[in-house]
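S.K.: dropping the sequence and predicted coords here.
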Amino acid sequence: MSEQPLKVELDERGVLRITLNRPDIHNAFDDHQIQRIITALDDAASNDKVRVVIFGSEGKSFSAGGDLNYMRRMGDFTYEENKADAGQLARMMKTLNFLPKPTIARVQGAAFGGAVGVASCCDIAIGTPRAKFCLSEAKVGMAPATIAPYVVRAIGERASRRFFATAEVITAEKAHQLGLLSELVAEEDLDSTIDDIVDALLSNAPNAVGLAKSIVFDVLETSEVTDKIIAGTVDFIARIRHTDEAREGLSAFLEKRKPNWTEK
């Protein structure tokens, strides 16, 4: 098990743990690891048994981002080859961001480069004081391009303009202030905090959780509250009310019993 560069483990409750397992190189990812992650995420999206995804890593670092040897190797490739390779990283980020299951980033250490994108793409990111972030691409003559759509949404335009350019290290406390970390907890409380969030997610209707996530993306299509956005939300709730989950949830509440999804 320890020799697997990516560990994918699903428990009986439906909690899927995707764990980077290359601690010797600070869990940096190359083209092969990116493909493994895409496969794991695609499988999670289509597996009804998966209720929650926890994205974490082994060792002292969350992830150093892109493997520098891999990126140097790509520097000798053609533009078209680099475009195809970057497309895979973009696909990984998009798949994680829009996964129809709730996602939690377990950030126990340093997250640099593309790993900031991973934390930004997860719905919830829980970190310890040892967590630190750095959009380090400018230090090696590059820029955080494929992760930019997600990082900018996580920390805002102003902070992005600073940290994309300066490549400063962002402390865990600062990351929490910026919204990159949803919650900052003591190291010994990291897993118990995540367990509490998982329990809260599992107590809710599985399909409703996915729909709740999707409505956020729908209303973010524009910064304005337009008639189109309002009409979309009206249609959204009208369709949900006709689902089996909604009927079961309301009946269970009124009958003072647990809904059937908590018995699975």
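M.R.: Structure's in. What do you need?
S.K.: which element is residue 130 on?
M.R.: Taking DSSP states H and E as the definition, one finds residue 130 inside no helix or strand.
S.K.: and residue 238, backbone torsions?
M.R.: Residue 238 adopts backbone torsions of phi -60, psi -40, taken as degrees, to the nearest 10.
S.K.: and the helices in the stretch 101-250 of the chain?
M.R.: Along the stretch 101-250 of the chain, counting by DSSP state H, counting those that start in this stretch, helices occupy 114-121, 148-155, 157-166, 172-178, 190-202, 206-219, 227-240, 244-254.
S.K.: most packed of the ones you listed?
M.R.: Comparing the helices of the stretch 101-250 of the chain by mean neighbour count (mean count of other Cβ atoms under 10 Å), helix 114-121 ranks first with a mean of 27. From N, CA and C alone the C-beta is placed, and that goes for glycine too.
S.K.: what helices and strands are in contact with it?
M.R.: The contact analysis (3 or more Cβ pairs under 8 Å, 6 or more residues apart in numbering; DSSP states H and E) places helix 114-121 against helix 79-97, strand 103-107, strand 132-134, helix 148-155.
S.K.: next, count neighbours for residue 32.
M.R.: 12 (other Cβ atoms under 10 Å).
S.K.: before we move on, what about the one 4 residues further on?
M.R.: By the other Cβ under 10 Å criterion, the neighbourhood of residue 36 contains 18 residues.
S.K.: could you measure from it over to residue 43?
M.R.: Distance of residue 36 to residue 43, given as Cβ to Cβ, to the nearest Å: 11 Å.
S.K.: likewise for residue 26?
M.R.: Residue 26 is 26 Å from residue 43, by Cβ to Cβ.
S.K.: okay, these two: which has more neighbours?
M.R.: residue 26 (21 against 13).
S.K.: right, and that one touches residue 67 too?
M.R.: No - using Cβ atoms under 8 Å, residue 26 is not in contact with residue 67, being 9.4 Å away.
S.K.: now stretch 25-43 - C-alpha only, CSV.
M.R.: Taking Å, rounded to 0.1, in the frame of the first residue of the first chain, the C-alpha atoms of stretch 25-43 are listed here in CSV:
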residue,chain,number,x,y,z
ILE,A,25,9.4,14.5,-3.1
HIS,A,26,6.9,16.5,-1.0
ASN,A,27,3.9,15.0,-2.9
ALA,A,28,4.8,16.9,-6.1
PHE,A,29,2.8,15.7,-9.0
ASP,A,30,3.8,14.9,-12.6
ASP,A,31,1.9,13.9,-15.7
HIS,A,32,1.4,10.4,-14.4
GLN,A,33,0.1,11.5,-11.0
ILE,A,34,-2.2,14.0,-12.6
GLN,A,35,-3.8,11.2,-14.7
ARG,A,36,-4.2,9.0,-11.6
ILE,A,37,-6.0,11.8,-9.8
ILE,A,38,-8.3,12.4,-12.8
THR,A,39,-9.2,8.7,-12.9
ALA,A,40,-9.9,8.7,-9.2
LEU,A,41,-12.1,11.7,-9.5
ASP,A,42,-14.0,10.5,-12.5
ASP,A,43,-14.6,7.2,-10.7
